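S.K.: what's the 3D shape of this:
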Amino acid sequence: VTRRVLQHNDLQAGMRCLDVGCGPGEVMRVMGEMVGPRGQVAGLDIDGKLGREMIGVLQATAASQFTFLEQNVELATEVVGQPFDVTFARIVFVHLRDPLAVLRKMYAWTKPGGVMIIQEYDFRTLDIYPRLPALTEFETVFNGVFDRAGRDTRLGHKMPVHFVDAGIGSPDGTDVASMIQPLAEAGGMFQAVYRSVLPHALQMGLTTEANSQTFFADIHQAATGECSYSAMWPLLISTWKRKPV
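M.R.: Okay, the predicted model is just below:
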């Protein structure tokens with residue numbers, strides 16, 4: 001999906017890109033393949049240890065010019081190398097206190113004629129059919145932690161309005177993508193997401209260790225048993241705006 005959106009927005013050889021919240025660098029790798037040896041791809045992330053490990057791997061295994069910037073995007077006012085042909089963020093804004101402020105920053109870091117691309121989830125479609133009792137536990141934990149933390153599980157759907165509210169204007173385009181898989185394939189995703197928020201859910205009193213053990217056992221049994229289950233992923237919503245020349 002990310003590759004397709006970048007191709008749709010004419011990412012080409014020799015361009016300069018910024019990946020905000022780059023994490024382990026897999027989107028940077030895709031960008032590097034597209035901009036080639038003459039292109040430049042900068043990754044910005046608050047996790048310096050991960051970033052330095054990632055940039056070493058990319059520089060050794062991918063044919064492009066990669067750099068890493070250890071910065072908190074909410075505190076940064078400028079970034080080395082700005083402005084860029086493409087400023088990009090994937091699953092970052094759900095973690096921000098002030099998404100509109102960061103939208104304005106990223107747009108300012110985009111050169112005239114360049115494009116800003118934001119990808120965010122809308123989690124409303126995360127589902128299993130036929131419904132499992134384990135899904136109720138998943139929803140209690142996942143939605144409860146996000147609500148208590150002030151995180152918006154529908155942010156992807158709202159991003160076009162945020163573009164307007166940030167003073168950037170209506171997006172030039174959007175893309176909506178998801179997947180439907182057998183639970184035998186998607187069960188690991190449900191378990192991993194649940195596991196990632198479980199410590200917070202336990203601290204908040206949203207669930208118990210006994211409930212969590214039952215959840216893992218039930219998902220595993222359903223995924224490996226004889227009954228068929230259809231699992232749907234969240235919507236990955238891409239929103240983009242090209243900066244006028």
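S.K.: buried residues in the longest strand seen in the chain?
M.R.: Taking DSSP state E as the criterion, the chain has its longest strand at strand 110-122. Across strand 110-122, burial judged by 16 or more other Cβ atoms under 10 Å covers Thr110, Gly114, Val115, Met116, Ile117, Ile118, Gln119, Glu120, Tyr121, Asp122. C-beta: built from backbone N, CA, C; applies to glycine.
S.K.: next one: stretch 191-211
M.R.: Under 16+ other Cβ under 10 Å, the buried positions of stretch 191-211 are Gln191, Val193, Tyr194, Val197, Leu198, Ala201, Leu202, Leu206, Thr207, Asn211.
S.K.: Which pair in those residues has the greatest spatial separation?
M.R.: Gln191 and Leu206 (17.1 Å; Cβ to Cβ).
S.K.: how much space is there between the residue nearest the centre of the chain and Gly156?
M.R.: In the chain, the centroid-proximal residue (Cα atoms, centre = their mean) is Ile91; its distance is 2.1 Å. From Ile91 across to Gly156, the span is 9 Å (Cβ to Cβ, to the nearest Å).
S.K.: joint contacts of the two?
M.R.: Gln119, Glu120, Tyr121 (Cβ atoms under 8 Å, 6 or more residues apart in numbering).
S.K.: hang on, isn't the first one packed against Ser238?
M.R.: Yes: under the contact definition of Cβ atoms under 8 Å, Gln119 touches Ser238, with a separation of 4.8 Å.
S.K.: which neighbours do these two share?
M.R.: With Cβ under 8 Å, 6+ apart as the test, Gln119 and Ser238 both reach Val1, Thr2, Val5.
S.K.: Let me know how buried the last one is, in neighbour terms.
M.R.: To tie it back to what came earlier, the one meant is Val5. Here the count is done by other Cβ atoms under 10 Å, and Val5 has 21 residues near it.
S.K.: What are the boundaries of the strands in the protein?
M.R.: So, for the chain - with DSSP E - the strands run 16-20, 40-45, 65-70, 84-90, 110-122, 127-129, 173-177, 180-182, 230-232, 235-242.
S.K.: out of those strands, nearest to Phe216?
M.R.: Phe216 lies closest to strand 127-129 among the strands of the chain, at 14.5 Å (Cβ to Cβ).
S.K.: for the chain, which helix is longest?
M.R.: helix 183-204 (DSSP state H).
S.K.: and that helix, what other elements does it pack with?
M.R.: helix 133-148, helix 209-224, strand 230-232 (3 or more Cβ pairs under 8 Å, 6 or more residues apart in numbering; DSSP states H and E).
S.K.: Can you add distance to Asp172 and give the ones you listed back as CSV?
M.R.: Converted to CSV, the helices and strands packed on helix 183-204 look like this (distance: least, Cβ to Cβ, whole Å):
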stretch, distance to Asp172
helix 133-148, 29
helix 209-224, 40
strand 230-232, 28
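S.K.: for those, which one sits closest to Asn9?
M.R.: strand 230-232 (26.8 Å).
S.K.: so what secondary structure elements neighbour the closest one?
M.R.: Strand 230-232 packs on strand 127-129, strand 180-182, helix 183-204, going by 3+ Cβ pairs under 8 Å, 6+ apart.
S.K.: now those in a markdown table, with mean pLDDT and distance to Thr61?
M.R.: Listed next are the helices and strands packed on strand 230-232 as a markdown table, based on pLDDT from 0 to 100; distance: least, Cβ to Cβ, whole Å:
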| stretch | mean pLDDT | distance to Thr61 |
| --- | --- | --- |
| strand 127-129 | 97 | 37 |
| strand 180-182 | 97 | 29 |
| helix 183-204 | 96 | 25 |
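S.K.: can you tell me which of the ones you listed comes nearest to Asn143?
M.R.: Comparing these by Cβ to Cβ, helix 183-204 comes nearest, at 9.7 Å.
S.K.: Any chance you could list what contacts the closest one?
M.R.: With Cβ under 8 Å, 6+ apart, helix 183-204 has contacts from 128, 137-138, 140-142, 144-146, 148-149, 179, 207-209, 212, 215-216, 219-220, 222-224, 229-231, 233.
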